[in-house]
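*Asks:* Build me a model from this:
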Amino acid sequence: MDSRAQQLLRLIIDDYIKTAKPVGSQYLVETYGLSSSSATIRHELSLLEEEGYLRQPHTSSGRVPTEKAYLYYLQHVMGEESSIKKQPSFEIKEQDQESTLKAIAKRLVEISGETAIVGFDRNWSYYTGVSNLFLKPEFQDANIAVSLGELIDQFDQVMTNVFDQVPFETQVLIGSHNPFGDQMTTMMIRYRLPNGAHGILGLVGPMRMNYARNLALLQQAQQLIERI
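*Replies:* Residues are numbered from 1 along each chain as shown. The predicted model follows:
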């Protein structure tokens, strides 16, 4: 992908993450001060659509990113704004281990606006912020809401299934690669407690999530847990 197409893809993804609204060529020109005409941008978006990076929800609407687009964004486009130094402090004051893990998960929900999951030695799992999933614009359809409910019922089983597969570096599972549903993204990371026990921590949300911020949050949470 050339630099011009990459710039357009990044603008569309960044904008869609914020607004959840399809992005059109005229909007891009007016909002970001692009030097090319709306017609030229429309042609370039058509090429990105042909290559599978964008789709049009309706023929008269703008375009939205596909799973392929988010994967490319994550691997090639996302900048350095994921610096942990820019993230809010967790300020966890709980004493016992279980309460601390739950408090960290709740704080992740507050900052990210996503659903947080935490597991410990396969025997214990906890999730919070599930209501955030149902509030996302892309999950407002009644059929999708039913599917979400069914997926939530399987959270514990999924956590058991993936427990041994999660690495110490953040793993991002997008769309068809996501064990919680092909319309979502899951970020997971393994942590090691001072006593040597392992656990996993994650965020679950739509593919339209703030990847840079959430990656940094999980890394910060991992470091905090490992100091418990």
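*Asks:* going forward, measure contacts between C-alpha atoms and count neighbours the same way
*Replies:* OK.
*Asks:* got the contact list for the lowest-mean-pLDDT helix or strand in the chain?
*Replies:* Counting by mean pLDDT, DSSP states H and E, the chain has its least confident helix or strand at helix 142-153, which shows a mean of 80. If you take CA atoms under 8 Å, 6 or more residues apart in numbering as the criterion, helix 142-153 is touched by 130, 134, 139, 180-181.
*Asks:* And for stretch 172-186?
*Replies:* Outside stretch 172-186, the residues within contact range by CA under 8 Å, 6+ apart are 67, 70-71, 151, 155, 158, 187-188, 202-207, 209.
*Asks:* now do stretch 61-68
*Replies:* 9, 12-13, 16, 21-25, 45, 52-57, 174-175, 207.
*Asks:* start to end distance for it?
*Replies:* Taking CA to CA, to the nearest Å, stretch 61-68 runs 20 Å from one end to the other.
*Asks:* Next: stretch 56-74.
*Replies:* Stretch 56-74 has an end-to-end distance of 21 Å (CA to CA).
*Asks:* still on that earlier bit, weed out the non-buried ones from the contacts of stretch 172-186.
*Replies:* 67, 70-71, 155, 187-188, 202-207, 209 (16 or more other CA atoms under 10 Å).
*Asks:* ok, back up a step: among the contacts of helix 142-153, who's most crowded?
*Replies:* F180 (23 neighbours; other CA atoms under 10 Å).
*Asks:* number of nearby residues for T40?
*Replies:* The tally of other residues near T40 (other CA under 10 Å) stands at 12.
*Asks:* how far away is it from K136?
*Replies:* 32 Å.
*Asks:* And for stretch 16-26, what's in contact with it?
*Replies:* By CA under 8 Å, 6+ apart, stretch 16-26 touches 12, 15, 38-39, 41-42, 45, 56-57, 61-65, 137-138, 208-210.
*Asks:* How is the chain partitioned into domains?
*Replies:* Taking automatic domain parsing as the criterion, the chain consists of the domains 3-77, 84-225.
*Asks:* and those domains, which one is worst for confidence?
*Replies:* Among the domains of the chain, domain 84-225 carries the lowest mean pLDDT, a mean of 88.
*Asks:* From the chain's centroid, how far away is that one?
*Replies:* Using CA atoms, centre = their mean, to the nearest Å, the distance from the centre of domain 84-225 to the centre of the chain it belongs to is 10 Å.
*Asks:* Start the count at 22 instead of 1 going forward.
*Replies:* Right, with 22 as the first residue, what we last looked at is domain 105-246.
*Asks:* still on that earlier bit, just name the most buried of the domains of the chain.
*Replies:* Scoring the domains of the chain by mean neighbour count under mean count of other CA atoms under 10 Å gives domain 105-246 as the most buried, with a mean of 18.
*Asks:* need the helices for this structure, in chain order.
*Replies:* Using DSSP state H, the helices of the chain run over residues 24-40, 46-53, 59-71, 88-93, 118-133, 151-156, 163-174, 176-183, 232-246.
*Asks:* Ok, which of those comes nearest T191?
*Replies:* helix 232-246 (7.0 Å; CA to CA).
*Asks:* So what sits opposite L222 in the bridge?
*Replies:* V139, I210 (DSSP bridges).
*Asks:* Might one say that it is in contact with W145?
*Replies:* No - assessed by CA atoms under 8 Å, L222 is found out of contact with W145, at 12.0 Å.
*Asks:* how near is the closest residue to I62 other than its chain neighbours to L55?
*Replies:* The shortest distance from I62 to any non-neighbouring residue, by CA to CA, 6 or more residues apart in numbering, is to S46 (5.5 Å). Computed as CA to CA, the S46 to L55 distance reads 10 Å.
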